[in-house]
Every structure is written in C-alpha cells, then in structure tokens.
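Novice: Predicted model and sequence below, questions to follow.
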Amino acid sequence: MGMPCSFSERDFVEFCFDLISRDAGTRARLGRISTPHGEIRTPAFMAVGTQAAVKTLSPEEVREAGAEIILANTYHLYLRPGHELIRDMGGLHGFMHWDGPILTDSGGFQVFSHSALRKIRDDGVTFQSHIDGSSHHITPELAVEIQEALGADIIMAFDECTPYPVTREYARESMELTLKWAQRCKDSKKRPDQALFGIIQGGMFPDFRKECTERLVEIGFDGYAMGGLSVGETKPMMYEMVEAAEPLMPEDKPRYLMGVGKPEDLIEGVARGIDLFDCVMPTRNARNGFLFTRSGRLVIKNAVHHNEHGPVDPECGCYTCRHYSRAYLRHLFMAGEILALRLNTIHNLYFYLDLMERIREAIRGKRLETFRHEFYDSEHLKESG
C-alpha cells in the first residue's frame, strides 16, 4: 500500500509522507517522511537535542548511532542564545552542524512545566525566564516566527499543555484555547519549506480528544501530534487517549506522540498507529548510569560489574559495546569521568534507534504482534545488575 507524495507537494512544500504498508494484526504503519534535509523512516524515534545538542554527543556520533532526525527546544533556544542569532548563523542546521531533518517544539510544554512562572491569557502566555527571571510574552504568532527563524523542517503549533488531573471544565477551556492558537499559527506561517503540525489536547477525556482531532483536521495541518500525555496519568489512560484520537487522524499525514517514552511505550504507541516519538529517557538515563539492554535495564555502578569483561549488551552493535567492557564503563562512571556519560549515551541512543529498526522490520514482515510478545517475554522490563 502506498500513498506517494505528489510532484506539487515535493516541488513547493518539500514535505510529504508516504504510507508504505501496514501491519497485519495492529494499527502499526510503515512509512517515510520526506523533508528538505532528508528522509525519515517511520516509525521513528527522535533524538532530543534540547539546546541544539544531544547531550554529550557530537552530531556525527548521533548520526552514527542511527538517528535520522533531531528535536530541538524552541523555548530554551529563544531564551538562549536567541532565535535571531541562530537565524543569522544559518539556522539550526548550520548552527549545530546537523544536515538531517530537525523538528522544533513550540515551547508549550516548557511553559507548562514552569507553571509557577507563567500566566496564560487568550492572546498568549506571559512567563518569567527560568534563567534570569526576565519577563517574556509568547503568542502563537511569535512561536511560529521563532521557529521560522530556527529553520526546522517540522515546526509545532503553540498549544496549552493541559495538566493532569483537571476538571472537564478546565480541559474544555484548555482545548478551546489550543484550537484558537492552532488556527492563528497556521494563519501566521510564512515559510513554505517548513511543515506545521497541530497538537491534540483534551486532557484525559476521550470525547475531547476526538473533538480536538476533528477540529484540527478541519483547520488542516501537515501532521498531527498527541500532546498533554506522559504528565502523570496511568499507562492505560495514555493508551486510551491515543486510541480515541488515532482513527480520526488523516492516513496520509504523520502522527506524533510527544514526550513518550519508555521502550514498551514505543511498541504500544506504534501498535496504535503512531509514527513519531521523542523522549529524554535514553540520554538522561545514560547520564545517571542506567543502561538499556535486550534483557532489561542495567545499573552500571553496581558492584557486580566491577570485573566483568563483557559488553553492556552482547547483542548490541553500538560503538560502546564493540570496544568497552562493563568493568571499564563502571570504572569511568564511579570515577566521575565525562567519558562515562558519552559512552553510556552512545549505547542508550543506539538501543532506542535499533529498537525502532527492529519494529520497522516487524511491521514490514506483518508480525508486530509476535514481536511485541517476544519483547515482553524477554523480561525486557526487568532491572538487571
């Protein structure tokens, strides 16, 4: 099955999504996103480069780990070093020396996470910088302007990330504000070489999620994202919200589950029709000495690894596992060496990207359900050592 991009889309928008095939027993899709800076095989995991850098790694190392797209943070780059400077330095691609696709969020989640420092109004959000306390006011129009200056291939509509838990009344008001801002973002967008994604809100209310999806589709976006999840709700609640919205998203547009997640969340999201994911979990866990393997999460500081000759994961093909023992990695981590953080991050990022490659292979072979069972049967969720 294929829904190829038209010549007009490629010539003028330079962004499109090809639906290549579907899994046999789930909602999973195999696809390809085309952007001005290259293609992304989906389902895909985006390496998080919050401040125009994937923490501890060079762009070359990120590419070697298998990444095809990086996510950068609009809120942080607006505050430091400033979007005008990045624009003048050739946009994010030139500034950070990354020639592949880039997605920038709108800053909505960061404003949400600094709730004590912000005030939401109908026209936008006023907030204090967490860096120096300076006051700023971001409107949907400014959020688009910032992202156009950053020059990402995919930009996000400005939204209010609905907290959890909230009342139905609050969730309704938040959804309505997100929809108003989504229309204003689309109206203010000027660059034809950037794709704009709308963000589905609605709290933990399936009817609101459905309504928000339908109304965003009426406005019309290049892709659709699920926001306001992984904010404290249970896993079943998160999956329920995805299941409510996914059937209403256009088949010929990418679907993005924002800020998710753990390895099992990627598999469950893919099985429910999601194409794109991002999360700081692989890099943050690496810096804290928690390493992902096919047999569970490994704690490298544990004494059991003191004299172990083998790699973190004998089934892993990353640079770290090809060259270094658990004993050496534990030594580096216990000694506070920066190299420990780098080698750990290379491994965890590779693990996530390799997991996505194995998921894509399972979809291609129409056996994702079998892959999912094998994943859980391998005690993948267990903490080892």
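Specialist: Happy to help now that I have it. In this text the structure is predicted, and so the values were computed from the model without any measurement.
Novice: Could you list the low-confidence segments of this protein?
Specialist: Scanning the chain for pLDDT under 70 picks out 1-13, 110-116, 379-385.
Novice: does Arg297 count as helix, strand or coil?
Specialist: Look at Arg297: counting by DSSP: H, G, I helix; E, B strand; the rest coil, its state is strand.
Novice: Give me the nearest residue to the residue sitting furthest away from the middle of the chain, chain neighbours excluded.
Specialist: Of all residues in the chain, Asn307 has its C-alpha farthest from the mean position, at 36.6 Å, by CA atoms, centre = their mean. Spatially, and ignoring its direct neighbours in sequence, Asn307 is nearest to Ala327 (5.4 Å; CB to CB, 6 or more residues apart in numbering). Just so you know, the C-beta spots here come from the backbone N, C-alpha and C atoms, and that holds for glycine as well.
Novice: And Pro263, by the same measure?
Specialist: Excluding its sequence neighbours, the residue lying closest to Pro263 (CB to CB, 6+ apart) is Leu355, at 5.9 Å.
Novice: Would you confirm that the one you found contacts Glu264?
Specialist: No. If you go by CB atoms under 8 Å, Leu355 and Glu264 don't touch, sitting 10.2 Å apart.
Novice: So for the two, which residue has more residues nearby?
Specialist: Neighbour totals were compared for Leu355 and Glu264, and Leu355 leads with 19 against 14 (other CB atoms under 10 Å).
Novice: Identify the residues contacting the more buried one.
Specialist: Contact analysis of Leu355 by CB atoms under 8 Å, 6 or more residues apart in numbering lists 45, 263, 266.
Novice: Now do the contacts for the first one.
Specialist: Put plainly, it is Phe45. Phe45 makes contacts with 266, 277-279, 352-353, 355-356, as judged by CB under 8 Å, 6+ apart.
Novice: helix, strand or coil for it?
Specialist: Assigned with three-state DSSP, Phe45 falls in the strand class.
Novice: Okay, it and Leu349: tell me how far apart.
Specialist: To Leu349, Phe45 is 9 Å away according to CB to CB, to the nearest Å.
Novice: again, but for the second one
Specialist: Pro263 sits 13 Å away from Leu349, going by CB to CB.
Novice: ok, the closest residue in space to Ile274 that isn't next to it in sequence - how many residues close by?
Specialist: Leaving aside its sequence neighbours, Ile274 sits nearest to Leu257 (CB to CB, 6+ apart; 4.6 Å). Under the neighbour criterion other CB under 10 Å, Leu257 is assigned a count of 29.
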